[in-house]
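> Need coordinates for the below:
(one chain, ligands or ions: 1)
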Amino acid sequence: MNEHDRELVSPDADVDERAVEGALRPKSLDEFVGQERVREQLSLVLRSAQRRGKAPDHILMSGGPGLGKTTLAMIIAAELGAPLRITSGPAIERSGDLAAVLSTLHEGEVLFLDEIHRMARPAEEMLYVAMEDFRVDVVVGKGPGATAIPIDVAPFTLVGATTRAGMLPAPLRDRFGFVAHMDFYRPDELERILTRSAGLLGAEIDPDAAVEIAGRSRGTPRIANRLLRRVRDYAEVRADGRLTLKIARAALNLYEVDDEGLDRLDRAVLDALLRRFRGGPVGLSTLAVSVGEEPETVETVAEPFLVRSGFIARTPRGRVATPQAWSHMGVAPPPDAAFGAAALMEETEGS
Ligand SMILES: Nc1ncnc2c1ncn2[C@@H]1O[C@H](COP(=O)(O)OP(=O)(O)OP(=O)(O)O)[C@@H](O)[C@H]1O
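Have a look, this model is predicted:
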């Protein structure tokens, strides 16, 4: 499996793709599809702050990649009519990097800090103070002669994004006034996103083609938009440019993304688990060797979605196929296998 194959259903994006995505981003809360609860809560937070004429509380967004965190941060700034500064945890290696950003913020500015859980520890402590007291203490000198020089920070709103809210230290988490949990999208929401995106790309899409693409998009707008672009390419080269159900199916079958959104690696893992290991339990390394991949690749790339969608269960004795896996792959389970999986899952839940 090469990188290119994998990109199609990966929730992550590289720089080039992010540039393409820019054109498809909703610009206001009204245009933002789905995540109803988050939208409503956020709209209240923003409106009440505007009424009071103050910068809103700091906002934390948690959820997987490609669910719209960056898009929402841009929308927050736009709704407030405030400038937006974007940085990320990995870009802040020292507290000085953060001090440079904080000390140059303008009043009311929105600071978007992506992957906030990956920020260096000393910077994290500086951020607590800035969030609460709008001040940074810059330490000058070393050893006993070191002094902290306080610098005022203009009142700002921090919008932090993380794929792992659990990894944030409690003092940091507690300084956010509002936490938005971003969920995976329902198929009907993805259909709306696809129809809107097709319009922006200047392509005509039939409703049943949108349903088809949505079903294979793993609940993630980024993947939906990516599959849409591939189907559009196919429609332009092999047909008259219209995105019909037939074209959508043909294109996605060509790219080997099946009707559950599984790609070649996902299916290879399931196939080995079912046929070679009779549905498991089997250890991760053994399973990985049998599909010619590193255990880490199977664990981080294929497994999360297979587990999330209920094809694989992790048990103390190894990976086990669920009845859904047998039926999706069209393989008849040996008499003891399906029940073995159910029993092991119960064992896990009970333990
Ligand atoms: N609710 C939505 N409605 C319409 N389009 C959306 C929505 N959410 C995301 N998108 C689209 O999906 C793509 C990815 O969104 P975005 O970059 O905001 O995700 P992200 O959660 O910030 O991902 P990452 O964590 O990888 O940065 C963008 O093109 C965006 O326009």
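> pull the helix or strand with minimum mean pLDDT from the chain.
helix 337-350 (a mean of 53; mean pLDDT, DSSP states H and E).
> Nearest to the ligand: which residue in this protein?
Scanning the chain for the residue nearest the ligand gives G68, at 2.6 Å (criterion: C-beta to the nearest ligand atom). Heads up, the C-betas are built off the backbone N, CA and C, glycines and all.
> Spatially, and excluding backbone neighbours, which residue is closest to that residue.
Sequence neighbours aside, P221 is the residue nearest to G68 in space, at 5.9 Å (criterion: C-beta to C-beta, 6 or more residues apart in numbering).
> try A239
I247 (5.5 Å).
> and that neighbour, which of the three is it?
helix (DSSP: H, G, I helix; E, B strand; the rest coil).
> about what we covered before: check the gap between the residue of the chain closest to the ligand and R173 for me.
G68 is 21 Å from R173, where distance means C-beta to C-beta, to the nearest Å.
> and what of K142?
32 Å.
> Which one's more surrounded, these two?
Between K142 and R173, counting by other C-beta atoms under 10 Å, R173 is the more crowded of the two (17 against 7).
> That one contacts I116, correct?
No - checked against C-beta atoms under 8 Å, the pair R173 and I116 is beyond contact range at 9.9 Å.
> Name the residues contacting each of those two.
With contacts defined as C-beta atoms under 8 Å, 6 or more residues apart in numbering, the residues shared by R173 and I116 are L60.
> just the strands in the stretch 201-350 of the chain please.
312-315, 318-321 (DSSP state E, counting those that start in this stretch).
> Give the other helices and strands that the first one contacts.
Contact analysis of strand 312-315 by 3 or more C-beta pairs under 8 Å, 6 or more residues apart in numbering; DSSP states H and E lists helix 303-308, strand 318-321, helix 337-350 as its packing neighbours.
> hang on, the earlier thing: report the separation between the residue of the chain closest to the ligand and R249.
As for G68, its distance to R249 is 27 Å (criterion: C-beta to C-beta).
> With L72 instead?
Applying C-beta to C-beta, the value for L72 to R249 is 32 Å.
> more crowded one of those two?
Higher neighbour count among L72 and R249: L72, with 26 against 17, using other C-beta under 10 Å.
> Tell me the helix or strand right after the host helix or strand of the more buried one.
According to DSSP states H and E, L72 maps onto helix 69-80. Of the helices and strands lying after helix 69-80 in sequence (DSSP H and E), the nearest is strand 84-88.
> quick one: buried residues of that next one?
Neighbour-count burial for strand 84-88, with 16 or more other C-beta atoms under 10 Å as criterion, is recorded at L84, R85, T87.
> which is the next helix or strand following it?
helix 95-102.
> Can you name every helix or strand that that following helix contacts?
Looks like helix 95-102 contacts helix 121-133, strand 135-140 (3+ C-beta pairs under 8 Å, 6+ apart).
> Who does the shortest one pair with, and is each partner parallel or antiparallel?
Looking back up the chat, that one is strand 135-140. Strands that pair with strand 135-140, judged by DSSP bridges, come out as strand 147-152 (antiparallel).
> following the strand it pairs with, which helix or strand comes up?
strand 157-162.
> quick one: V9 from E124, how far?
Relative to E124, and taking C-beta to C-beta, V9 is found at 33 Å.
> ok, these two, which is more surrounded?
Neighbour count, other C-beta under 10 Å: between V9 and E124, V9 has more, with 26 against 19.
> does that one sit in a helix, a strand or a coil?
Following three-state DSSP, V9 is assigned to coil.
> near the ligand, which residues of this protein show up?
With C-beta under 6 Å from any ligand atom as the criterion, the chain meets the ligand at residues 12-13, 21, 24-26, 32-34, 65-71, 114, 193, 221-222, 225.
> Identify the residues contacting I92.
I92 sits in contact with L98, V101, L113, M119, A120, A123, where contact means C-beta under 8 Å, 6+ apart.
> Just give the number of residues close to the residue of the chain closest to the ligand.
Number of residues near G68 (other C-beta under 10 Å) recorded here: 24.
> Quick check: it touching E31?
No - contact criterion C-beta under 8 Å: G68 and E31 do not qualify, at 11.3 Å.
> Closest to the centroid, which residue in this structure?
Central residue of the chain (C-alpha atoms, centre = their mean): P65, 1.7 Å from the mean position.
> could you measure it against L168, distance?
Taking C-beta to C-beta as the measure, P65 and L168 are separated by 17 Å.
> again, but for R196
33 Å.
> Next: L245.
Taking C-beta to C-beta, one finds L245 at 44 Å from L168.
> Please apply the same query to S103.
Distance of S103 to L168, given as C-beta to C-beta: 23 Å.
> which of those two has more neighbours?
The neighbour count for S103 versus L168, taken as other C-beta under 10 Å, is higher for L168 (19 against 15).
> Looks like that one contacts E115 (just checking).
No - contact between L168 and E115 fails when scored by C-beta under 8 Å: they sit 11.1 Å apart.
> any shared contact partners between those two?
Common contact partners of L168 and E115 (C-beta under 8 Å, 6+ apart): T162.
> Listing request: residues of this structure with sub-threshold pLDDT.
For the chain, applying pLDDT under 70 flags the ranges 1-6, 336-351.
> mind giving me the domain ranges of it?
Annotated domains of the chain cover 35-181, 185-254, 264-350 [automatic domain parsing].
> What's the end-to-end length of the longest one?
I take that to be domain 35-181. Taking C-alpha to C-alpha, to the nearest Å, domain 35-181 runs 9 Å from one end to the other.
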